[in-house]
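Here is a sequence together with a model predicted from it:
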2 protein chains.
Amino acid sequence: MHRVTLKDIAQMAGVSTSTVSRALKNHPDISHTVKEKIKLIAENLNFVPNAAAIGLRNKSIKTIGLILPNIHSFFVPSMIEGITSVLNSMQFKLMILTSDEDYEKEVHNIASCIDSGVDGILISLTKNTCDLNHLDKAAELEIPIVLLDKSIHQNIFSEVVIDDYKAGKLCFEYLIDKQVKEILGFFGPLSLNITKERLEGFQDAASLHPKIKTYYYFCDSSLDAKDKCSESMLEFPNADAVFIMSDEVMVGVNAAMYKNKHEKNGCKMTRIAISEGYLPQFMDPPISYLKHDGYKLGTIAAQLLLDQIHTNPAKPEIKILDTTFYIY
Amino acid sequence: MHRVTLKDIAQMAGVSTSTVSRALKNHPDISHTVKEKIKLIAENLNFVPNAAAIGLRNKSIKTIGLILPNIHSFFVPSMIEGITSVLNSMQFKLMILTSDEDYEKEVHNIASCIDSGVDGILISLTKNTCDLNHLDKAAELEIPIVLLDKSIHQNIFSEVVIDDYKAGKLCFEYLIDKQVKEILGFFGPLSLNITKERLEGFQDAASLHPKIKTYYYFCDSSLDAKDKCSESMLEFPNADAVFIMSDEVMVGVNAAMYKNKHEKNGCKMTRIAISEGYLPQFMDPPISYLKHDGYKLGTIAAQLLLDQIHTNPAKPEIKILDTTFYIY
DNA sequence: ATCGAAACCGCAAACGTTTGCTGTTGATAA
DNA sequence: TTATCAACAGCAAACGTTTGCGGTTTCGAT
């Protein structure tokens, strides 16, 4: 049983397919009565326009591809929500691909996007991605691309990121305000650009306070963070403050600190994190944090991409989002 | 600058578009030399076949829609990974839509899938969804549908779920084995089918042990779980065991128990959870759990859907996955 | 020399929509 | 009466790919 088409409706209504097409789109050339009649028939026949045909005709399948380094990050869901909120309002669809922190997969995902004929690409880079050559193919085909969150700075593609440098700096300053003396700093993997920038901001702020002792840890995973944190608390029993770079790190650090709570003063340490915002309230005590707003990031990136799609070619634009403190 | 098409290549190679099409698909009718020549040209011209045209011609856009009740759940990422792993191997694309636990949005998402012309739908239901009427439109259009995880039992659509009843039962029995006497049971919202089934299994097992005291809590969110757990520990200071229905609940319960650790014996209670597996290791002490394998669920559901797509019409099939214990 | 089969390739229709152009009405104004 | 115009609707091409069918060449076998 084949799908109902414009032709079927036309036959049924005794008009041409063009009239049906126009009627269903409320084209002024079609009389009200005919419109009503056609719409009724379409309704009854359960007509649904063929997306592929529309895509072919209009040279746009109204879909954008989202390539993520991984899908397990705490940050991802809110980002996706932000993206879909603006996409849906423009009846665009979203195709999500994950690279699993694997550069090769990322390359493949780009190819998939191209093959699928997406109208634009939103991409957050793998921690193993150190250049953007794989984006060239897409660029040659004039597919708009926006980098978001995990990015590499350049002047070819647009970017939407948070001000990581400033975030790191603000967190250090927050701790200083709290009169701490010895800080354990837990970061993500150094291969990540955001790690480098947060670290840099943190260190630059620290350089103004030479008396403050700071120890840096770079953690590959939550589990790694847990181990490193446990060690650090034995090694630096006098540390009175903790900086946590991300939610992933937070899970591990918090677990380790609990473990050491009774013997050490883990629970009394001053803690500040950069977080998406869900987890901190469930730490004990709740952890104050600088909010890394994924939703906002998503909306802005999606909006920017849609702009580029409709007004191409656009010159690259870079948007840097600010962060805000949430103190418990 | 328009996209390169078969026609362009044909012109360049001095052959017809049909020959180009066949050559690029390694059709045996085309000589090796011509194939090589055409492939080279296609490569040089950066040819990428138009997905919409292919979709139109083949009446399949090789895409399936995944509708999720929410995207924040801990369970979601591994499920998506499972799904994409089988989809990718068949060059199918995935379109993800989220309903935000809103029935209306779910209805709308179904419509979006239909409009997009997906080849099949994978859907996990909202906690506010109590019937499947909104799936009828898709069913009439003969779009294969598979329900996964959050489902409603019926005999029209296929389902892939875990054995929630058994999971609840097994958890109770686990606690009994540990000689516990008084159990605090933390569940998700009762509107969820999986809550009902896990509860039922738990209670049925409990009914065989009338001496064991059990207290039930139904939590709408992690935060709610935290509150309820705090209260419960004050109200039942002698409770010596905890059952946790899900990761969301676990986050809250764990936070509350930490808070009461010093005054109460929270940390010494026997705990068992149903979990995706990531979080338990970061609880303190790590929480033993019955693994709710999202990855596996995803692969099986996706496989089932693809089967239905290729051999439709298929009669509904229901797959119930088992769970396994991971004990710390 | 003739036949047949294999190797190779093109024609044209089809998939379902959209839209520029054309053409037919009927009514109104001159 | 005729010119003008608005309202209405159809024709046919176009989007890019696939594929059934048919046609031509080549070549070996007879």
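Thanks, I have it.

would you list every one of the strands in the stretch 201-328 of chain A?
Using DSSP state E, counting those that start in this stretch, the strands of the stretch 201-328 of chain A run over A:213-218, A:241-244, A:270-275, A:288-291, A:318-321, A:324-326.

Mind checking these for the one nearest to DNA strand C?
Among the strands of the stretch 201-328 of chain A, strand A:318-321 comes nearest to DNA strand C, with 32.3 Å by CB to the nearest atom of the strand. Yep, even glycine has a C-beta here, placed from its N, CA and C like the rest.

Quick check, A:His292 in contact with A:Ile274.
Yes: if you go by CB atoms under 8 Å, A:His292 and A:Ile274 touch, sitting 5.5 Å apart.

Residues that sit against both of these two, list them.
Common contacts of A:His292 and A:Ile274 (CB atoms under 8 Å, 6 or more residues apart in numbering or on different chains): A:Ala167, A:Ser246, A:Thr323.

Which strand or helix spans the first one?
Translated: A:Ala167. helix A:164-177 (DSSP states H and E).

neighbouring contacts of that helix?
A:183, A:193-194, A:197-206, A:209, A:212, A:241, A:243, A:270, A:272-274, A:288, A:290, A:292, A:322-323, A:325.

List the buried residues in it.
A:164-176 (16 or more other CB atoms under 10 Å in any protein chain shown).

Show me what the lengthiest helix in chain A packs onto, helices and strands only.
Scanning chain A for the longest helix, with DSSP state H as the assignment, gives helix A:294-310. If you count contacts as 3 or more CB pairs under 8 Å, 6 or more residues apart in numbering or on different chains; DSSP states H and E, helix A:294-310 packs onto strand A:63-68, helix A:76-89, strand A:120-123, strand A:145-148, strand A:158-162, strand A:318-321.

give me the low-pLDDT residue ranges for chain A?
Residues of chain A meeting the criterion pLDDT under 70: A:1, A:259-267, A:312-314.

picking that back up, mind checking the strands of the stretch 201-328 of chain A for the one nearest to B:Ile145?
With CB to CB as the criterion, B:Ile145 lies closest to strand A:270-275 of those, at 37.7 Å.

can you tell me how far the closest residue to A:Asp100 other than its chain neighbours sits from B:Ser112?
In space, and not counting its chain neighbours, A:Asp100 is closest to A:Asn70: 5.9 Å by CB to CB, 6 or more residues apart in numbering or on different chains. Noted for A:Asn70: a distance of 26 Å to B:Ser112, by CB to CB, to the nearest Å.

so what's A:Lys7 closest to, chain neighbours aside?
A:Thr17 (5.2 Å).

got a list of what that neighbour touches?
A:Leu6, A:Lys7, A:Ile9, A:Ala10.

how does it look with 10 Å?
With contact set as CB atoms under 10 Å, 6 or more residues apart in numbering or on different chains, A:Thr17 has these partners: A:Thr5, A:Leu6, A:Lys7, A:Asp8, A:Ile9, A:Ala10, A:Gln11.

State the distance from it to A:Ser31.
A:Thr17 is 17 Å from A:Ser31, by CB to CB.

Go back to the buried residues of helix A:164-177 and keep what's next to DNA strand C.
Checked against DNA strand C using CB under 7 Å from any atom of the strand, those give no members in range.

Give me the buried entries from the contacts of A:Thr17.
Here, 16+ other CB under 10 Å leaves A:Thr5, A:Leu6, A:Asp8, A:Ile9, A:Ala10 buried among the contacts of A:Thr17.

could I get those residues as JSON lines with secondary structure and distance to B:His310?
Output for the buried ones among the contacts of A:Thr17, formatted as JSON lines (DSSP: H, G, I helix; E, B strand; the rest coil; distance: CB to CB, whole Å):
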{"residue": "A:Thr5", "secondary structure": "coil", "distance to B:His310": "24"}
{"residue": "A:Leu6", "secondary structure": "helix", "distance to B:His310": "28"}
{"residue": "A:Asp8", "secondary structure": "helix", "distance to B:His310": "26"}
{"residue": "A:Ile9", "secondary structure": "helix", "distance to B:His310": "30"}
{"residue": "A:Ala10", "secondary structure": "helix", "distance to B:His310": "32"}
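
closest to DNA strand D among these?
A:Ala10 (6.9 Å).

and the stretch 1-150 of chain A, which of its residues are near DNA strand D?
A:10, A:14-19, A:29-32, A:34, A:53, A:56-57, A:59.

Could you rerun that using 10 Å?
For the stretch 1-150 of chain A, the contact set with DNA strand D under CB under 10 Å from any atom of the strand comprises A:6, A:10, A:13-23, A:27-35, A:37-38, A:52-59, A:117.

Pull out the buried members of those residues.
A:6, A:10, A:13, A:15, A:19-23, A:30, A:34-35, A:37-38, A:52-56, A:117.

Keep those residues, but drop any that are not near chain B.
A:Ala52, A:Ala53, A:Ile54, A:Gly55, A:Leu56, A:Gly117 (CB under 10 Å from any CB of the partner chain).

Surely the first one and B:Asp115 touch.
Going back to what we said before, that points to A:Ala52. No: in this structure A:Ala52 lies outside contact range of B:Asp115 using CB atoms under 10 Å: 11.7 Å.

related to what we said a few turns ago, report the inter-axis angle for the helix holding A:Ala167 versus strand A:270-275.
Put simply, helix A:164-177 runs at 160 degrees to strand A:270-275, going by axes from the mean of the first three to the mean of the last three CA atoms, to 10 degrees.

And the following helix or strand past helix A:164-177, what's buried?
Downstream of helix A:164-177, the next assigned helix or strand under DSSP H and E is strand A:182-187. By 16+ other CB under 10 Å, the buried positions in strand A:182-187 come out as A:Ile183, A:Leu184, A:Gly185, A:Phe186, A:Phe187.

isn't the second one right next to A:Lys228, touching?
Yes: taking contacts as CB under 10 Å, A:Leu184 lies within contact range of A:Lys228: 9.1 Å.

What residue in chain A comes nearest to DNA strand C?
A:Ser18 (2.8 Å).

so which strand or helix has that residue?
helix A:17-24.

Is any residue of the helix or strand following that helix near DNA strand C?
Next in sequence after helix A:17-24, counting helices and strands by DSSP H and E, comes helix A:32-44. Yes: with CB under 10 Å from any atom of the strand as the criterion, DNA strand C is reached by helix A:32-44 at A:Ala42.

if I look at the residue in the stretch 51-200 of chain A that DNA strand D sits nearest to, how far off is A:Leu45?
Residue of the stretch 51-200 of chain A nearest DNA strand D, by CB to the nearest atom of the strand: A:Arg57 (3.8 Å). As judged by CB to CB, A:Arg57 and A:Leu45 stand 21 Å apart.
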